[in-house]
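> Return atomic coordinates for the entry below.
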Amino acid sequence: PAIFMLALFAPHDPFEQFLVQRYRGQKLIWREEGVEATVAIHEARNGELSLSLNGNHQASTGSAMVRGHRASGHWPMVLHPDPREALVIGLGGGATAGAVSIHTGVDVDVVELSAAVARGARFLDSINYGVLSRPNVHLRIDDGRNFLLVTKRKYDVVTADVILPIYAGSGNLYSQEYFRLVRGVLKPGGLVLQWVAGTDAEYKIIARTFLSVFPE
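Prediction:
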């Protein structure tokens, strides 16, 4: 009974305890429980910052991860002969959108589901080129699929921040229906970059789905 009474009058946030266990030895810099997700920024002993959504690691200032995220932004911008309008689905830590935004003459729309993610991304300005403060970048808090359904704009480049397909809800961003929506906002000659991860079977399923909409 004494133990029960102690627990009753000294409750602990179970999610906070979960973060402590998952990010053991790291300092919690910032946390916000948003409508769509709980976003947290942690600092490791080596000074590396990381952004997590609902406890799942999404982005960091680590060099290997930054290279991958930036590549998702740079590749289509380099391959397109004259990219003027670009769309990035998902802000995350902002490295992909930031990489897109620094190319000369481009106007960038970024669609992010969670406002809390956008606030958290400001902690990672060192790797995202201060993307949310750049005058050629326009942030919209919205569901990516909904934005594709209603927008009147057409884009030279469409890319996405890295979103693992195993996370709840993100599988919709790898579906044939989603890819058709992306195709619908492309200008003639436009380019789409789709990052893919998972098991060999998952990779092949996603690749086949993408090719069913973009056979060329």
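
> Going along the chain, name the helices of the protein.
2-9, 14-22, 63-79, 95-101, 115-121, 125-128, 144-150, 176-184, 200-213 (DSSP state H).

> my read: E85 touches V158, true?
No. Using CB atoms under 8 Å, E85 is not in contact with V158; the gap is 9.8 Å. Glycine gets a C-beta too; all of them are placed from N, C-alpha and C.

> So which of those two has more stuff around it?
V158 (24 against 18; other CB atoms under 10 Å).

> Which pLDDT value belongs to that one?
Note on V158: pLDDT of 98.

> ok, the residue nearest in space to the middle of the chain - contacts?
In the chain, the residue lying closest to the centroid (CA atoms, centre = their mean) is G92, at 3.2 Å. For G92, the contact set (CB atoms under 8 Å, 6 or more residues apart in numbering) comprises 51, 58-59, 69, 117, 121, 161-163.

> again, only this time at 10 Å
Applying CB atoms under 10 Å, 6 or more residues apart in numbering to G92 gives the contacts 51, 53, 58-59, 69, 110, 112, 117-118, 120-121, 124, 128, 160-163.

> which among those residues end up buried?
With burial judged by 16 or more other CB atoms under 10 Å, the buried subset of those is 51, 53, 58-59, 69, 110, 112, 117-118, 120-121, 124, 128, 160-163.

> list the residues that contact both of E85 and V158?
Between them, E85 and V158 share the contacting residues 109, 185, 187, 190, judged by CB under 10 Å, 6+ apart.

> These in strands, which ones?
109, 187, 190 (DSSP state E).

> now these as a markdown table including distance to H74, pLDDT and neighbour count?
Shown next, in a markdown table, are these (distance: CB to CB, whole Å; pLDDT from 0 to 100; neighbours: other CB atoms under 10 Å):
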| residue | distance to H74 | pLDDT | neighbour count |
| --- | --- | --- | --- |
| D109 | 18 | 98 | 21 |
| K187 | 20 | 98 | 16 |
| G190 | 17 | 98 | 20 |
